[in-house]
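In: got a structure for you, letters missing:
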């Protein structure tokens, strides 16, 4: 199994195996919350910014402030990525979501999100804009274990 | 310092503070190697895929296989993101690089990269394509600590 580009000697027997994940498996890996990255196209190029997120009703939700790049651009087509890797076993997974983001403006929907998630932004200040991503495509892959 | 959207009670005093990082500080955080994500525009949307990377000579290098999406698209304008967060202190950093990616085809440059980095892809198979990203812009930010 070891090749010139293969796993380090300390790797597990499954090391190096790359397999694709189904949508249900991807959602299981994402939820209920974690840290991911929003990707969107800006005038300067593709921006990728980390957010702490929650999964609710097959959508991905995060909070930001009204004056951020995220609030400006994350209202349309976006991508979202989350992953988890173990440097010792050299294994882990990644999930990529393509979807539509929208700022949640309806008071009732904001209340629902406050009830159903425990989203506390790490950065201080008033980050009271909820953004919800509705996936149109979710793919993932696992390497190693 | 605590507000309605502020840090959890267990957070450190610095929690919530968001500050931008200079280019040198960003490079220090990235190097010498780690796990980051390449972002590029595909026909379907923005793709973000994790890679293990090395920093050498103010460029970012990773390896892939000749038949991957990465090899296909990572030959032009790309973005690259790396971050590190601590869920306990709710602090960490992220760095975003915009730059030009090119497949390294010159034999001499490949040998140099083999000598100067210890890039062993986690996924198995022949991942003998080196891709080098030359940054045009590097920005970063730190939250908390």
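Out: Looks like it came in fine. Being a predicted model, the structure only gives us computed values, none of them experimental. Numbering: from 1, shown residues only, chains lettered A, B, ... in the order given.

In: Low-confidence stretches in chain A?
Out: Chain A contains residues with pLDDT under 70 at A:1-15, A:145.

In: Would you mind finding the longest strand in it?
Out: strand A:129-143 (DSSP state E).

In: what are the pairing partners of that strand, and which direction each?
Out: strand A:18-21 (antiparallel), strand A:59-64 (antiparallel), strand A:91-103 (antiparallel) (DSSP bridges).

In: ranking those by burial, who's on top?
Out: strand A:59-64 (a mean of 23; mean count of other CB atoms under 10 Å in any protein chain shown). Bear in mind the C-beta positions are built from the backbone N, C-alpha and C, glycine included.

In: right, and the helix or strand after it?
Out: helix A:69-73 (DSSP states H and E).

In: which helices and strands sit right next to that next one?
Out: Helices and strands touching helix A:69-73, by 3 or more CB pairs under 8 Å, 6 or more residues apart in numbering or on different chains; DSSP states H and E, are strand A:33-41, strand A:46-56, strand A:59-64, strand A:129-143.

In: Residues in contact with it: which ones?
Out: A:38, A:40-42, A:47, A:49, A:51, A:62, A:64-65, A:103, A:129, A:131 (CB atoms under 8 Å, 6 or more residues apart in numbering or on different chains).

In: Can you select the buried ones from those in ChimeraX?
Out: A single ChimeraX command selects the buried members of those (16 or more other CB atoms under 10 Å in any protein chain shown):
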select /A:38,40,41,47,49,51,62,64,65,129,131
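
In: among the contacts of helix A:69-73, which two are most distant?
Out: For those, the farthest-apart pair by CB to CB is A:41 and A:65; their separation is 20.7 Å.

In: in terms of contact, does residue A:62 touch residue A:56 like I think?
Out: No: between residue A:62 and residue A:56 there is no contact under CB atoms under 8 Å: 11.2 Å.

In: so the longest helix belonging to chain A versus strand A:46-56, what angle?
Out: Criterion DSSP state H: the longest helix present in chain A is helix A:107-116. Interaxial angle of helix A:107-116 relative to strand A:46-56 (axes from the mean of the first three to the mean of the last three CA atoms, to 10 degrees): 70 degrees.
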